[in-house]
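>>> Take this sequence and fold it.
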Amino acid sequence: MEALQEFFSKLGSLDDLIAWGGLTVLFIVIFCETGLLVGFFLPGDALLITVGLVASRGSLNFIEANLVMILAAVLGDSAGYFIGKQLGTPLFERKESAFFRKDYLLQTKAFYEKHGGKTVFFGRFMPVVRSFVTTVAGIAGMRYQTFALFSISGAACWMLTFTSLGYLVGNTFPQLYDYINAVILVFLLLIPLSVPYHIWKRNRDLAKSEKVASVESEISQISTVQNPSSNKASQPSEKIKPSST
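Numbering: from 1, shown residues only. The predicted model follows:
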């Protein structure tokens, strides 16, 4: 319990977190964020940048850190995949809790349905999506061989992109390291603040869509009443549409 309290107390100072837990804590954070459906609040991108910054000072081996985190991401992905495969669609009906966001899961499902298997790769760069996409892929019945290919390549690109960015910044502007904790803290505060905005925006767009659909329905009904023969003539073309797609 004390170790867990220590872990959460250091989330606002990621370089201290890395110094405290080393490669072990890096593995745990990445694994939880990518595979257990409850890691959406963890600072994945910020942690990777900090790893690069710490490595630029020689306090952490850049290659070892990346290999450990890539392994953690791939194993976390696999855990999420098999959770989805085992639990199936009833997971979409699960109630929300402090560590489970049903709306995030449904958003990821919609994203997956639109973009397909490559979501496993590109979703890696999207903080919320990467915590749920592997489970959605398992529910969707994606072939594990294909899933693993996207998972490994996506994990490697995600890790190396952000850790290299941190390493480059650390080498180019070493003085920024003295202020990195404040910068990361601001970043962490902005993430939860952005969630209500996205929920509000989604609800607003949904309300607009429903309003447009209602207006279109009224117009269609008026058109049917005024010109029923035209409506009957249009019906055959509607039946053809499914076969043409």
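>>> so how many other residues sit close to residue 162?
Around residue 162 there are 21 other residues, counting by other C-beta atoms under 10 Å. No exception for glycine: its C-beta is placed from N, CA and C like everyone else's.
>>> hmm, I was thinking of residue 104
A count of neighbours around residue 104, defined by other C-beta under 10 Å, yields 19.
>>> quick one: what helix or strand has it in it?
Taking DSSP states H and E as the definition, residue 104 sits inside helix 102-115.
>>> list the buried ones in that helix?
Residues of helix 102-115 classed as buried by neighbour count (16 or more other C-beta atoms under 10 Å): 104-105, 107-109, 111-112.
>>> before we move on, what about stretch 31-38?
Here stretch 31-38 shows 31-37 as buried, counting by 16+ other C-beta under 10 Å.
>>> Any idea how many residues pack against residue 142?
Number of residues near residue 142 (other C-beta under 10 Å) recorded here: 21.
>>> On the three-state scheme, it is what?
Assigned with DSSP: H, G, I helix; E, B strand; the rest coil, residue 142 falls in the coil class.
>>> can you pull the pLDDT of it?
On pLDDT, residue 142 comes in at 90.
>>> That one against residue 118, yeah?
No. Assessed by C-beta atoms under 8 Å, residue 142 is found out of contact with residue 118, at 11.0 Å.
>>> Output stretch 115-135 as PDB, restricted to C-alpha atoms.
The C-alpha trace of stretch 115-135 is given here as PDB (Å, rounded to 0.1, in the frame of the first residue of the first chain):
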ATOM      1  CA  HIS A 115     -10.800   2.700 -39.800                       C
ATOM      2  CA  GLY A 116     -10.500  -1.000 -39.200                       C
ATOM      3  CA  GLY A 117      -7.400  -2.900 -38.100                       C
ATOM      4  CA  LYS A 118      -5.000   0.000 -38.700                       C
ATOM      5  CA  THR A 119      -6.600   1.700 -35.600                       C
ATOM      6  CA  VAL A 120      -4.400  -0.600 -33.500                       C
ATOM      7  CA  PHE A 121      -1.400   1.100 -35.000                       C
ATOM      8  CA  PHE A 122      -2.500   4.700 -35.300                       C
ATOM      9  CA  GLY A 123      -4.600   4.500 -32.100                       C
ATOM     10  CA  ARG A 124      -1.300   4.200 -30.200                       C
ATOM     11  CA  PHE A 125      -0.700   7.900 -30.600                       C
ATOM     12  CA  MET A 126      -4.200   8.800 -29.200                       C
ATOM     13  CA  PRO A 127      -4.200   8.800 -25.400                       C
ATOM     14  CA  VAL A 128      -7.800   7.500 -24.800                       C
ATOM     15  CA  VAL A 129      -8.000   5.300 -27.900                       C
ATOM     16  CA  ARG A 130      -4.900   3.300 -27.100                       C
ATOM     17  CA  SER A 131      -6.300   2.200 -23.700                       C
ATOM     18  CA  PHE A 132      -9.400   0.600 -25.300                       C
ATOM     19  CA  VAL A 133      -8.600  -0.200 -28.900                       C
ATOM     20  CA  THR A 134      -6.900  -3.600 -28.200                       C
ATOM     21  CA  THR A 135     -10.000  -4.700 -26.300                       C
END
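>>> How much space separates residue 115 from residue 158?
Separation of residue 115 from residue 158 (C-beta to C-beta, to the nearest Å) stands at 17 Å.
>>> meant to ask about residue 169, not that
Per C-beta to C-beta, residue 169 is found 17 Å from residue 158.
>>> Who has more neighbours out of these two?
Legend: neighbour count by other C-beta under 10 Å for residue 169 and residue 158, higher for residue 158 (24 against 17).
>>> Give me the three-state assignment for the closest residue to that one other than its chain neighbours.
Once flanking residues are discounted, residue 158 sits nearest to residue 124: 4.3 Å by C-beta to C-beta, 6 or more residues apart in numbering. Under three-state DSSP, residue 124 falls in the helix class.
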